[in-house]
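Undergrad: Starting from these lines, generate the structure:
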Amino acid sequence: MKTSELLNILNQHVPFSSAESWDNVGLLIGDKQQEITGILTALDCTMGVVNEAIEKDINTIVAHHPLIFKGVKSINEQGYGAIIRRLIQNNIQLIALHTNLDVYRFGVNAMLSKQIGLTHTEILEPQQTNYYKVQVFIPEENVETFKNKMNDEGFASEGDYEYCFFSTKGSGQFKPVENAHPHIGELDQIETVEEVKVEFMIQEYERTKAEDCINVLHPYETPVYDFIPLTKTVKRGLGMIGQLPEQTTLKSLAMTIKKQLDIPSVRFTGNPDSVISKAAIIGGSGIGYEKFAHQKGADVFITGDIKHHDALDAETEGYNLIDINHYSEYVMKEGLKSLLKEWISNDNFTIEASTLNTDPFNYV
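TA: The predicted structure is shown next:
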């Protein structure tokens, strides 16, 4: 399998376009024509992880956190430059799946929810996507050719379905005047043509390409078409919310989560004896969503990187928080490994999860 094929598979399941605008996802280092010898999943691409890939003869690392993120000003033997140099020197590719894996319905937050035993889960904040319904009015005799060519260009597809068109017959009228060069009809004569209104859906980013294709493929000198903007909720979004297996207290839940995630430190804010039945979770740094989680019925909001003043504000407002620190996202290593094995029907290379702990903190 070439890297380009892997990127297509990843884009199909966790679209790179679903990442936040500030994020840096996709192929960060590598060659789309490179043959893959193996995949190593990792939370962070550290020097240790690169060495692990070299030792295992794996040439593709898929990491959650982008190595190239804040801006690299030099690539030398120090810092991140040393990691990048080692990747390139050993012909190892690096792919980042960050916020696009966060919002995937079976992604990082679903993995964390499963690890702590949440049931009846749903996405905490479902995303909405913008798209267009396209209407094109075209002579009946040209309809099938037009639809075939638009389908060949990748339009009118929805999930696992292609050639998704709807057609309505009607009569179109026009009168060519002055310098017109009509495909049908005569100058200064009203012409009535049996036409078909062809409708199909496109993604927001496809508009320019679709308009160019319509103008090229339509037989009329001046095609008639509409792009109608629409919005729909999609099956991806930030965070998860669900029920605990059984009712418990805030302190007991914090202690249980510490054990379930096998992490050395868990903090919480709120009344230790608060009764908890429903929990919301956002891996990484999700502070700012605690009020929203509370409004959705969560008795506690679980996330990482909670600062002192954020915790104090939550306590004052009566929101229970559990801080599982940022490294808790390590569960994605095994989780992504399982997903990749589902998505890739190829037994020619190994898919492994990194065995390294990339938590930068030591605990006492």
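Undergrad: Phi, psi for Thr350 please.
TA: Thr350 adopts backbone torsions of phi -90, psi 150, taken as degrees, to the nearest 10.
Undergrad: Quick check: it touching Ala53?
TA: No - at 11.1 Å, Thr350 does not count as touching Ala53 under the criterion of Cβ atoms under 8 Å. C-beta: built from backbone N, CA, C; applies to glycine.
Undergrad: These two - which one has more neighbours?
TA: Ala53 (27 against 12; other Cβ atoms under 10 Å).
Undergrad: what do Thr350 and Ala53 both touch?
TA: Counting by Cβ atoms under 8 Å, 6 or more residues apart in numbering, the shared contacts of Thr350 and Ala53 are Gly38.
Undergrad: So which residues of the stretch 51-200 of the chain form helices?
TA: Along the stretch 51-200 of the chain, the segments classed as helices by DSSP state H, counting those that start in this stretch run 79-89, 99-102, 108-115, 143-152.
Undergrad: what about the second one, distance to the chain center?
TA: On the basis of Cα atoms, centre = their mean, to the nearest Å, the separation between the geometric centre of helix 99-102 and that of its chain is 5 Å.
Undergrad: which residue is nearest the centroid of the protein?
TA: Centroid check for the chain by Cα atoms, centre = their mean gives Asn100 as the closest residue, at 2.8 Å.
Undergrad: Near the closest residue to it other than its chain neighbours, how many other residues are there?
TA: Distances taken as Cβ to Cβ, 6 or more residues apart in numbering put Ala19 closest to Asn100, at 4.0 Å, once the chain neighbours are dropped. Neighbour count of Ala19, defined by other Cβ under 10 Å: 21.
Undergrad: Same question for Asp212.
TA: Neighbour tally, Asp212, other Cβ under 10 Å: 11.
Undergrad: what's the answer for the one 4 residues further on, then?
TA: For Val216, the number of neighbouring residues by other Cβ under 10 Å comes to 10.
Undergrad: tell me what the helix or strand where it lies is packed against?
TA: Take DSSP states H and E as the rule and Val216 turns out to sit in helix 207-217. The contact analysis (3 or more Cβ pairs under 8 Å, 6 or more residues apart in numbering; DSSP states H and E) places helix 207-217 against strand 119-139, helix 143-152, strand 224-249.
Undergrad: just to revisit the earlier point, tell me the contacts of the residue nearest to Asn100?
TA: Contacts of Ala19 (Cβ under 8 Å, 6+ apart): Val25, His98, Thr99, Asn100.
Undergrad: Among the residues you listed, which one lies nearest to Asn357?
TA: His98 (19.6 Å; Cβ to Cβ).
Undergrad: Next, the closest one: phi, psi?
TA: Torsion angles at His98 (phi, psi; degrees, to the nearest 10) stand at phi -110, psi -100.
Undergrad: How many residues are close by it?
TA: The tally of other residues near His98 (other Cβ under 10 Å) stands at 21.
Undergrad: what do you get for Cys213?
TA: Residues within reach of Cys213, counting by other Cβ under 10 Å, total 18.
Undergrad: ditto for Asp57
TA: Other residues within reach of Asp57, judged by other Cβ under 10 Å, total 10.
Undergrad: again, but for Glu211
TA: 16.
Undergrad: what does Glu246 give?
TA: 8.
Undergrad: The one 5 residues further on now?
TA: Residue crowding around Lys251 was assessed by other Cβ under 10 Å; the count is 16.
Undergrad: Contact partners for it?
TA: Residues near Lys251 by Cβ under 8 Å, 6+ apart: Phe268, Pro272, Asp273.
Undergrad: returning to what we had before: with distance to Gly304 and mean pLDDT added, can I get the helices of the stretch 51-200 of the chain in TSV?
TA: Output for these, formatted as TSV (distance: least, Cβ to Cβ, whole Å; pLDDT from 0 to 100):
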stretch	distance to Gly304	mean pLDDT
helix 79-89	22	95
helix 99-102	12	98
helix 108-115	10	98
helix 143-152	45	96
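Undergrad: before we move on, back to that, now render the helices and strands packed on helix 207-217 as TSV, adding distance to Ile83.
TA: Output for those, formatted as TSV (distance: least, Cβ to Cβ, whole Å):
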stretch	distance to Ile83
strand 119-139	32
helix 143-152	42
strand 224-249	29
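Undergrad: coming back round to it: report the separation between the residue nearest to the centre of the chain and Ser18.
TA: Counting by Cβ to Cβ, to the nearest Å, the gap between Asn100 and Ser18 amounts to 5 Å.
Undergrad: any residues in contact with both of the two?
TA: Counting by Cβ under 8 Å, 6+ apart, no residue touches both Asn100 and Ser18.
Undergrad: these two touch, right, Val196 and Lys169?
TA: Yes - the pair Val196 / Lys169 is scored as a contact, 5.5 Å apart, by Cβ under 8 Å.
Undergrad: between these two, who's got more neighbours?
TA: More crowded of Val196 and Lys169, by other Cβ under 10 Å: Val196, with 22 against 10.
Undergrad: still on that earlier bit, which of the helices and strands packed on helix 207-217 sits closest to Ile202?
TA: strand 119-139 (5.3 Å).
Undergrad: how about low-confidence regions in the stretch 1-150 of the chain?
TA: Within the stretch 1-150 of the chain, no stretch has pLDDT under 70.
Undergrad: now the strands for this structure?
TA: Taking DSSP state E, the strands of the chain run over residues 26-29, 38-42, 60-63, 93-96, 119-139, 166-174, 191-203, 224-249, 267-269, 275-281, 300-303, 321-323, 350-353.
Undergrad: what's the most buried one of those?
TA: strand 300-303 (a mean of 29; mean count of other Cβ atoms under 10 Å).
Undergrad: tell me the average confidence for that one?
TA: Averaged over strand 300-303, pLDDT sits at 98.
Undergrad: Thank you, goodbye.
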